[in-house]
Each structure stands twice: as structure tokens, then as C-alpha cells.
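Enquirer: Need the 3D shape of this:
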Amino acid sequence: MIRPAKTKDAKEIASLVLVVLKEMELPFVKEVGEEKTIEILTRAVEYPTYRYGYLRGIVKEIDGEVAGVAFGYKDSEEPLIDQPLEEVLASFGLPNQSLFLELETYPDEWYLDTIVVKETFRGRGVGAELIEAASQRAKAEGAPAMGLCVDLANPRARSLYERSGFEVVGTQVLSGHDYYHMQRKL
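Expert: Down below sits the predicted model:
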């Protein structure tokens, strides 16, 4: 079943998001450590306007287990999505710092920031279902297009996005990695 994320999913969401953050080799994860990053993300999910806040999330649940998640937002929201993290970091006695240094969105798009499927559920169409659910959300929010970034070194993910109707519209460098920026008209 596809459903909105809930605060009760926070720990599972945090663990899945960590997979992506590690692949991006974010300095934050290296500095704070994986265990502390999961604790921080678990708390941050409770903030609805955060990048990974429950109101921005979509969950694919199989047999009561979170099989995958997707998070997104309108391009106009990008300057605000990481502000709640400041309060969370302060609660852990950590200085304010951003996980992400670069802006990712293109104008006039709903941005699929993160999509990740738990390893035991990969190859079962979970990613495609999450993309379609995100597309429906983007349409409902009035976006003319949905965008995302995919690492040039991840052809399997690029293939999934192409099968879902995305096309490469540009390239970006995020956290020192090269990415294709892809879009799908809605």
C-alpha cells in the first residue's frame, strides 16, 4: 500500500534516508557518524516542513513494513526545507549546519528529492510505484513538471527514471558528485 508518511515511521525513514546520504558521501554523515545521523533524522521527520518531514513523505508499505520512501517539494520551497534542522541540531548540542550545500531544483518543478527502497524489496516495482505516487502528489500541487537528480555513476536508477518518462535536461554537481538533472512533464 502507498500512503503518506507518518511520524511513527521516523526510525525506518531515517535508516533509509541514510543509505542515500552515505552514497552522496556527505561530510555531515562523516563528521557526526551514522548512528547519530539516524537519531537526528528520526527526530527531524517529526517536523512537517523539513526536507524529510513526514508531510513531505510517501511510504510504500508491504506486510506492515516500510519497503520504500520518497520525499519531494516544490522548487519555491527549497530555500526553507532545511530550516527545521537547526532546532533539531541544537537539541543534540550540535552547531547549525546544512546537510546540503547546493540548490537542486530547477524552476517550475516539483522536485523528487529522495527515493529509496529497502534492499530486501528491490526489484519488485516499489520504486516505480513511489515515482507514480510522487507524480500524483506533484500534479495535485499544481506543478507542471517533476524533476530529480541521478548520479552519473548510477545507470540502473537512470534507467528506472527513463522508463517512468523522465528525460535528461541538464547536469549538476552536488557534494562533489556529477548528476543528471531529469524532468518529467506532468
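Enquirer: check which helix or strand covers the residue nearest the centre of the chain.
Expert: For the chain, the residue nearest the mean C-alpha position is Thr114 (1.9 Å; CA atoms, centre = their mean). Secondary structure from DSSP states H and E places Thr114 in strand 110-117.
Enquirer: contacts for the following helix or strand past that strand?
Expert: Sequence-wise, the next helix or strand downstream of strand 110-117 (DSSP H and E) is helix 126-140. Identification of contacts with helix 126-140 by CB atoms under 8 Å, 6 or more residues apart in numbering yields 2, 58, 60, 62, 67-70, 72, 110, 112, 115, 117, 146, 160-161, 163-164, 184, 186. Just so you know, the C-beta spots here come from the backbone N, C-alpha and C atoms, and that holds for glycine as well.
Enquirer: who touches the residue nearest to the centre of the chain in this structure?
Expert: Contacts of Thr114 (CB under 8 Å, 6+ apart): 17, 20, 52, 69-72.
Enquirer: Between the residues you listed, which sits nearest Leu152?
Expert: Set against Leu152, the nearest of the contacts of Thr114 by CB to CB is Val20 (15.7 Å).
Enquirer: Give me the secondary structure label for Val19.
Expert: For Val19, the secondary structure call by DSSP: H, G, I helix; E, B strand; the rest coil comes out as helix.
Enquirer: Could you give the number of residues near it?
Expert: 14 (other CB atoms under 10 Å).
Enquirer: Touching, it and Ile115? I think so.
Expert: No: Val19 is beyond contact range of Ile115, at 10.8 Å (criterion: CB atoms under 8 Å).
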